[in-house]
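**Q** got a sequence here, can you build the structure:
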Amino acid sequence: MLRKLSDGSILILPISPILSFLLSLNNLRNKLNGCVFVIFYALFGFAHSFSDPRADCYRKMVAFETFTSTATITDIWNDFLSGNTFDIFEGMLFIVCSNITTNIKVVFFIVGLIGGLFAYLFLSKIQKYMQLHYGNRCTYIITILYVLLYNPVAIGGIRNFIAMTIFSYYAFLFLIEKKNTALLGVLSTSLIHFSFILNICVVIIARLFVTKRHVNILWWTAIVSCISSVFITPDFWGNIIQNLNLGNFNQAMESRASSYASEETAAAFEQSLTVQLQRVGNYFIRGFYVLFLIYLRKNENKFSISSFDSVLYAYMLFFLTFGYLMTSFSVVGNRYLLLGYFISYFFLLKLYIQHSDIYKLNKYIKSLPWVFGVNFAWLVMNAWFVLDHRFFYLPAPFLLL
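**A** Modelled structure (predicted):
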C-alpha cells in the first residue's frame, strides 16, 4: 500500500509538498519520485520568508539586495585570482540571478533546485545497493537520515548547502566507485565554499592511504576522538592553524579560524537555542556511535564482511575520527563530521542488507529516529522560523501568491 502511494507522490505534490516528499523517499528508484524530491527542495527554497534577521537567509537577502549591479563574472574571477576572495560561487550566482530578477525567492529556488538535484543523484546511487530491501522500514529510516544530513534549512546559507551536496556526490564516486574523474567535482567545492579545502584533503588522503589493514587502529582512533571531542575547546584548532606557515593560504585559514574561535563568536553561539539543541543532540549521537562501534567489535564474527565492505568500514572509521576531532571547531565544526555520517549510513545499509535477520542490528537501526530526535526537532523548529507558514498546510500554488 505504501509503495503504491509512494509511486503516486507526483500527484500529491501540488496539494502537499511535504507529504509528497516523504512518500517519494520510499522509492527514489522511481524517476517521478526523484522529480518530487528535487522540486521539494526548490519549493523549500522559494518558501523562505526572510523575516528573521538572525537567519542565514536574511543575511543573504541583504547581500543580494546590496550586491553591486555593475559587477560581472570576470570581476569575481579576477578577485579570486588576485586573492581578494577565496570562493566564487555565491558572487557568480548573484550576478546571473540579478540579470533575471530582483526577487530573492527565485535565488533560493535555484539554490534548492541545484542542491536537491545533487542530493537526489547521491541517494539514487545509494538506492542501487538496496536490492530487494528498498522501501522497508529500516532502509526508509536510513534514507530519512540522509535527508537530515541534506537539511533543507541549510539552503539559507547557500554556499555550504551547495558545496555539501556536490561534495558528497563526487566523494562517493571517487571513494566508493573509484571514479578518478570525480576528483574534479570534489576539488570544485573549494570554489563554492573555501572551508571544504579540508574535506578535500581528507578525502584524497583516504583514497591514497586508508585500507582494510588499518581497521583495528582506526577503530581505536574513532572511539578516542569521539570521546575526546567533548573536551577539546574551539581555540585548540585556531592555535594550530595560526602556527602553520602556508603563505596566503594560511592567512585565509587563520582569519577564518580566528573568527570562528573568537570569544565573541563563541558567546554569540552560546546564546543560540538552535546551537544548544545541536549540542544536546550531538551527545546522543556520540553515545550511539560509541555503542555501535563496540557492538561491531564484539560481534565481528557474526558479520561476513566482504573485502569491499572492509574498506568501507575503514573509510567510516577514518572520517569519524577526523570529523569528531573537528566538531570542537566552533559551530562550523559539525560540517566536517558529515562525511563520516554519509559513509557510516552507507556501511550500516550494506550491513543490514547482508544480515537483515540479526535482531540487534535491526534494533540499532530502528532506534536511530530516537537517537537523532533532537536533530529532527532542530530541523522542524528552524523550518518554522525561516519559512512562509503556508508551506506547511496549503497547496503549493498558494506560495506564488
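**Q** what's the burial count for Ala47?
**A** By other Cβ atoms under 10 Å, 24 other residues sit near Ala47. In short, each C-beta sits where N, CA and C put it, glycine included.
**Q** from Phe108, how far off is it?
**A** Counting by Cβ to Cβ, to the nearest Å, the gap from Ala47 to Phe108 is 8 Å.
**Q** repeat that for Phe46.
**A** 6 Å.
**Q** surely Leu32 and Ser9 touch.
**A** Yes - counting by Cβ atoms under 8 Å, Ser9 is a contact partner of Leu32 at 7.2 Å.
**Q** do a quick rundown of the helices in the stretch 51-200 of the chain.
**A** Under the criterion DSSP state H, counting those that start in this stretch, the stretch 51-200 of the chain contains helices at 56-65, 73-81, 89-98, 104-127, 137-149, 159-175, 182-192, 197-209.
**Q** those helices: lowest mean pLDDT?
**A** Confidence, taken as mean pLDDT, is least for helix 73-81 of the helices of the stretch 51-200 of the chain (a mean of 84).
**Q** coming back round to it: highest mean neighbour count out of the helices of the stretch 51-200 of the chain?
**A** helix 159-175 (a mean of 24; mean count of other Cβ atoms under 10 Å).
**Q** for that helix, output the C-alpha coordinates as CSV.
**A** Only the C-alpha atoms of helix 159-175 are listed here, as CSV (Å, rounded to 0.1, in the frame of the first residue of the first chain):
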residue,chain,number,x,y,z
ARG,A,159,27.4,28.2,-0.1
ASN,A,160,27.6,25.4,2.5
PHE,A,161,24.4,23.7,1.2
ILE,A,162,25.6,23.6,-2.4
ALA,A,163,29.1,22.6,-1.6
MET,A,164,28.0,19.9,0.7
THR,A,165,25.6,18.3,-1.8
ILE,A,166,28.1,18.4,-4.6
PHE,A,167,30.9,17.2,-2.4
SER,A,168,29.1,14.2,-1.0
TYR,A,169,28.1,13.0,-4.5
TYR,A,170,31.5,13.3,-6.1
ALA,A,171,33.3,12.0,-2.9
PHE,A,172,31.1,8.9,-3.2
LEU,A,173,32.0,8.4,-6.8
PHE,A,174,35.7,9.0,-6.0
LEU,A,175,36.0,6.8,-2.9
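**Q** counting by contacts, list what it packs against.
**A** In terms of contacts (3 or more Cβ pairs under 8 Å, 6 or more residues apart in numbering; DSSP states H and E), helix 159-175 is packed against helix 89-98, helix 104-127, helix 182-192, helix 197-209, helix 338-354.
**Q** and the closest residue to Val311 other than its chain neighbours, what is it in contact with?
**A** Nearest residue to Val311 in three dimensions, chain neighbours excluded: Lys212, at 5.2 Å (Cβ to Cβ, 6 or more residues apart in numbering). Counting by Cβ atoms under 8 Å, 6 or more residues apart in numbering, Lys212 makes contact with 307, 310-311, 313-314.
**Q** now Phe288
**A** So Phe288 contacts 367-368, 371 (Cβ under 8 Å, 6+ apart).
**Q** switch to 7 Å and redo it
**A** Val371 (Cβ atoms under 7 Å, 6 or more residues apart in numbering).
**Q** can you pull the pLDDT of it?
**A** 88.
**Q** where's it, which helix or strand?
**A** helix 273-298 (DSSP states H and E).
**Q** after that helix comes which helix or strand?
**A** Following helix 273-298 toward the C-terminus (DSSP H and E): helix 307-326.
**Q** so where's this structure uncertain?
**A** Along the chain, the model assigns pLDDT under 70 to residues 1-5, 68-69, 130-135, 233-278, 304-307, 328-333, 401.
**Q** tell me the residue furthest from the middle of it?
**A** Largest separation from the mean C-alpha position in the chain: Thr70, at 33.8 Å (Cα atoms, centre = their mean).
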